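K.L.:
quick one: sequence plus predicted model below, questions after.
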Amino acid sequence: NLSSRFQEIFKKVRGHGKLSESNIKEALREVKMSLLEADVNYKVVKDFTAKVRDKAIGTDVLQGINPGQQFIKIVNDELVELLGGTNSRLTKGVRKPTIIMLAGLQGAGKTTFAAKLGNYLKKQGEKVLMVAGDVYRPAAIKQLQVLGEQTKIDVYAEEDNKNVVEICEHGLEKAHELGSTYMIIDTAGRLHIDEQLMQELDDVRKKVRPQEILLVVDAMIGQDAVNLAESFNKVLSIDGIVLTKFDGDTRGGAALSIKSVVGKPIKFIGVGEKIDDLELFHPERVVSRILGMGDVVSLVEKAQSAIDEEDAKSLEEKIRTQKFDLNDFLKQLQNIKKLGSLGSILKLIPGMGQIGDLAPAEKEMKKVEAIIQSMTQEERKKPDILKASRKQRIAAGSGTQVSDVNRLLKQFDQMKSMMKMFSGGKMPSFPSFPGG
Ligand code: GDP
Ligand code: MG
């Protein structure tokens, strides 16, 4: 697979003393072959390798890093870029409910995803209604109803109506009645793209005007996914893509091609048949999965580039003289963010890849950041001056609770007393994150 092929390539590059034009050439050819074998679109591969070549030649190899590692980093960064940089979230409409319509071929995983998404939104406090828009197979309605019961999410279905547009309109009335904040429309698929299917989806689109049309694609179909996405996009102007069955023996090709050819972001990936087997799409995570780099050295490398020497020195000084304040804390958090998601950082440490859901920890980090940013400079320097009324303002300003503010302050205090113990000696590079 792609991952082990890359490992081989990088072993080869590691063997050379220097990143010369000739060994880049060999490594690039291998990268190209691997990507083509992973069923990545030819044009995408060509552009990609050209970019990596340009970047690699003329790059100074960082001190303490060997040329192979430097090369890995370039390939890594370019792959992340290819996948769309940062992940893109769902939009939330101003009117209620926000309507999300699913589209895709039969068996792609639409119905399963409807329930996964519904459950994901429900966990965020949303009230969801799922509408059974697959009217051709009686089993399809039943499938959605069973999933609805399992997840305790409302389902709207009409057993004897074959008019999908009508069902969706009635579903919308139901959503208003129930006070649903999201309405997810599950639709029928076909084995292949056909006119009638497209027409039907387009009719629904025109009538109910979904905020999001998500194309659900089976990641295992490789390059076909690109053509599929293009066809759907032409008619429906989709807003994003969901790649399902990413847990299987996917070749990664679909993910790598879709974004650059169709220009629409991948928003979620399905990683199993269970309701919780859903992940927000994080390019860095997917790349490290594709590259399979469980490599402490590249963590060090990333760390070196993100936190420059100067910063580290001044930080050390501050800790030694006990002048470390919330501004410095904020800076450290932002440095951690520069390294990528927590998930991608942990992936680099052997054995830590399987750590599970990191979303709560990342959410907590965002919260802390927002809280500090809502404080005045004075307050960041001397958090002790914060009175109850200010804490309330800060909580309101950062969209958090006073208890969150208090928790942060308490953890910061604990950290400072820890630092007191360290002062004089070496400092730890990162503060421990609160919560998590
Ligand atoms: P639909 O025809 O597009 O509605 O597809 P379904 O939701 O009925 O799913 C088709 C099959 O794919 C079912 O057996 C699902 O359990 C399975 N499936 C859906 N998503 C995933 C996934 O992310 N991983 C795996 N392994 N199976 C999935
Ligand atoms: Mg279905």
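P.N.:
Right, received. Where do you want to start? Ligands and ions are numbered 1, 2, ... in the order given.
K.L.:
distance of K55 relative to K152?
P.N.:
50 Å (CB to CB, to the nearest Å). From N, CA and C alone the C-beta is placed, and that goes for glycine too.
K.L.:
just give the nearest non-adjacent residue to M198, would you?
P.N.:
Once flanking residues are discounted, M198 sits nearest to V235: 4.7 Å by CB to CB, 6 or more residues apart in numbering.
K.L.:
so what's that neighbour up against?
P.N.:
198, 201-202 (CB atoms under 8 Å, 6 or more residues apart in numbering).
K.L.:
for K32, which non-adjacent residue is spatially closest?
P.N.:
T49 (4.9 Å).
K.L.:
CA atoms only: put the biggest helix by length in the chain into PDB for me.
P.N.:
Secondary structure of the chain read by DSSP state H shows that its longest helix is helix 402-422. Taking Å, rounded to 0.1, in the frame of the first residue of the first chain, the C-alpha atoms of helix 402-422 are listed here in PDB:
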ATOM      1  CA  VAL A 402     -17.400  31.400  34.400                       C
ATOM      2  CA  SER A 403     -16.500  27.900  35.600                       C
ATOM      3  CA  ASP A 404     -14.300  27.500  32.600                       C
ATOM      4  CA  VAL A 405     -12.500  30.800  33.400                       C
ATOM      5  CA  ASN A 406     -12.000  29.700  37.000                       C
ATOM      6  CA  ARG A 407     -10.800  26.300  36.000                       C
ATOM      7  CA  LEU A 408      -8.200  27.900  33.700                       C
ATOM      8  CA  LEU A 409      -7.000  30.300  36.400                       C
ATOM      9  CA  LYS A 410      -6.700  27.400  38.800                       C
ATOM     10  CA  GLN A 411      -4.700  25.300  36.400                       C
ATOM     11  CA  PHE A 412      -2.500  28.300  35.500                       C
ATOM     12  CA  ASP A 413      -1.800  28.700  39.300                       C
ATOM     13  CA  GLN A 414      -0.900  25.100  39.600                       C
ATOM     14  CA  MET A 415       1.300  25.300  36.600                       C
ATOM     15  CA  LYS A 416       3.100  28.300  38.100                       C
ATOM     16  CA  SER A 417       3.900  26.500  41.300                       C
ATOM     17  CA  MET A 418       5.200  23.600  39.200                       C
ATOM     18  CA  MET A 419       7.400  26.000  37.400                       C
ATOM     19  CA  LYS A 420       8.700  27.400  40.600                       C
ATOM     20  CA  MET A 421      10.000  23.900  41.300                       C
ATOM     21  CA  PHE A 422      11.600  23.700  37.900                       C
END
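K.L.:
distance from it to the middle of the chain?
P.N.:
30 Å (CA atoms, centre = their mean, to the nearest Å).
K.L.:
and the residue lying closest to G253 once chain neighbours are set aside, how close does it get to F232?
P.N.:
The shortest distance from G253 to any residue other than its chain neighbours is 3.4 Å, reached at D39 (CB to CB, 6+ apart). Relative to F232, D39 is positioned 19 Å away (CB to CB).
K.L.:
these two - which one has more neighbours?
P.N.:
More crowded of D39 and F232, by other CB atoms under 10 Å: F232, with 25 against 21.
K.L.:
which residues sit in contact with that one?
P.N.:
Taking CB under 8 Å, 6+ apart as the test, what F232 contacts is 103-104, 193, 198, 215, 238.
K.L.:
any part of whichever strand or helix holds M198 near ligand 1?
P.N.:
Element membership for M198, per DSSP states H and E: helix 195-208. No: using CB under 6 Å from any ligand atom, helix 195-208 stays clear of ligand 1, with a minimum separation of 12.1 Å.
K.L.:
buried stuff in that helix?
P.N.:
197-198, 200-201, 204-205, 208 (16 or more other CB atoms under 10 Å).
K.L.:
so how far is that helix from its chain's centroid?
P.N.:
29 Å.
K.L.:
could I get the average pLDDT for that helix?
P.N.:
Throughout helix 195-208, pLDDT has a mean value of 92.
K.L.:
and that helix, what does it pack against?
P.N.:
strand 98-103, helix 164-178, strand 182-187, helix 224-236 (3 or more CB pairs under 8 Å, 6 or more residues apart in numbering; DSSP states H and E).
K.L.:
ok, then the element right after that helix?
P.N.:
Criterion used, DSSP H and E; the element after helix 195-208 is strand 212-218.
K.L.:
does ligand 2 have contacts with that next one?
P.N.:
No: using CB under 5 Å from the ion, we find that strand 212-218 stays clear of ligand 2, coming within 9.2 Å at best.
K.L.:
and the contacts of that strand?
P.N.:
90-91, 98-105, 107-110, 113, 205, 225, 228-229, 232-233, 236-245, 254, 258, 264, 267-268.
K.L.:
give me the buried entries from the residues you listed.
P.N.:
For these, buried by 16+ other CB under 10 Å: 90, 98-105, 108-110, 113, 205, 225, 228-229, 232-233, 236, 238-245, 254, 258, 264, 267-268.
K.L.:
how near is L28 to N76?
P.N.:
From L28 over to N76 (counting by CB to CB), the distance is 15 Å.
K.L.:
no no, S398
P.N.:
In terms of CB to CB, S398 sits 33 Å off from N76.
K.L.:
cool, and P383?
P.N.:
In terms of CB to CB, P383 sits 38 Å off from N76.
K.L.:
quick check: beta-bridge partners of the residue in the stretch 251-400 of the chain positioned nearest to ligand 1?
P.N.:
Per CB to the nearest ligand atom, G270 is where the stretch 251-400 of the chain lies closest to ligand 1, at 2.6 Å. Beta-bridge pairing of G270 under DSSP bridges involves L278.
K.L.:
surely it touches D276?
P.N.:
No: contact criterion CB atoms under 8 Å: G270 and D276 do not qualify, at 10.7 Å.
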